[in-house]
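**Q** No letters, just coordinates:
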């Protein structure tokens, strides 16, 4: 039996995914988490074989949750779930240890196929993600500036544009506030921006942030 944990703040998406998987022979949904922290805690409690984790899950976010889950449960496979196939996230999530990457437009058979393949130790990305990864190296015009960020910089950038304060980021990532601010200004320099809002607008333009999630206040 493949034990699956779901982690997404969108209850409609999570409910639909849960129903599809629960109806499949040999797959059991052992829990549903609504934040990155809750996903890590539920992994500790249930020891799932596979975690389907939204990239933009609230709290510590999908990248840090993936790191913590993989440190906690070495045999657990993480499948990242995103609205978009392009941008820097597929490559970065696979680099930090995710075994699969699906978009929310993937059909039910692809979802089930992905769960089974990663359970048996194979990597799997949806066809649209695979195409985006294949063509990304040939795109010289208008490169995505977020591709220049390290995994940690990307993680902090996502927390900043989602309105997390410096002290929250510091506590969640076990970094000093001074270190968080150093990362923040390094990110500003790499992206050639001067404020959190400007960074968020750039993230929207390049498909890194949903337009509905543009922050209304600066980080402090």
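**A** Now that the structure is in, tell me what you want to look at. If you're wondering where the values come from, they're calculated on a predicted model, not measured in any experiment.
**Q** what's around residue 184, how many residues?
**A** For residue 184, the tally of surrounding residues (other C-beta atoms under 10 Å) stands at 20. Every residue, glycine included, has its C-beta placed from N, CA and C.
**Q** where does the nearest residue in space to residue 86 that is not next to it in sequence fall, helix, sheet strand or coil?
**A** Nearest residue to residue 86, sequence neighbours excluded (C-beta to C-beta, 6 or more residues apart in numbering): residue 132, at 4.5 Å. Following DSSP: H, G, I helix; E, B strand; the rest coil, we place residue 132 in the helix state.
**Q** so where does residue 207 fall, helix or strand?
**A** Secondary structure from DSSP states H and E places residue 207 outside every helix and strand.
**Q** quick one: contacts for residue 167?
**A** residue 177 (C-beta atoms under 8 Å, 6 or more residues apart in numbering).
**Q** Let me know the pLDDT of it.
**A** Looking at residue 167, its pLDDT reads 91.
**Q** Now do the residue nearest to residue 86, the pLDDT please.
**A** 71.
**Q** same thing with residue 135?
**A** 60.
**Q** Stretch 168-187: end-to-end distance?
**A** One end of stretch 168-187 to the other measures 18 Å (C-alpha to C-alpha, to the nearest Å).
**Q** what residues does that stretch touch?
**A** With C-beta under 8 Å, 6+ apart, stretch 168-187 has contacts from 37, 59-60, 64, 149, 152-153, 155-157, 159-160, 164, 166-167, 199, 219.
**Q** returning to that earlier point: and the residue nearest to residue 86, how close does it get to residue 57?
**A** Per C-beta to C-beta, to the nearest Å, residue 132 is found 21 Å from residue 57.
**Q** so how far is stretch 2-10 from its chain's centroid?
**A** Averaging C-alpha positions (C-alpha atoms, centre = their mean, to the nearest Å) puts stretch 2-10 13 Å from its chain's average.
**Q** quick one on the thing from earlier: narrow the contacts of stretch 168-187 to those in strands?
**A** Among the contacts of stretch 168-187, no member is found in strands (DSSP state E).
**Q** So which elements touch the lowest-mean-pLDDT helix or strand in the chain?
**A** Across the helices and strands of the chain, the lowest-confidence element by mean pLDDT, DSSP states H and E is helix 127-136, at a mean of 73. Helices and strands touching helix 127-136, by 3 or more C-beta pairs under 8 Å, 6 or more residues apart in numbering; DSSP states H and E, are helix 89-96, strand 100-103.
**Q** picking up where we left off before, give me the buried entries from the contacts of stretch 168-187.
**A** Buried subset of the contacts of stretch 168-187 (neighbour count, 16 or more other C-beta atoms under 10 Å): 37, 59-60, 64, 149, 152-153, 155-157, 159-160, 164, 166, 199, 219.
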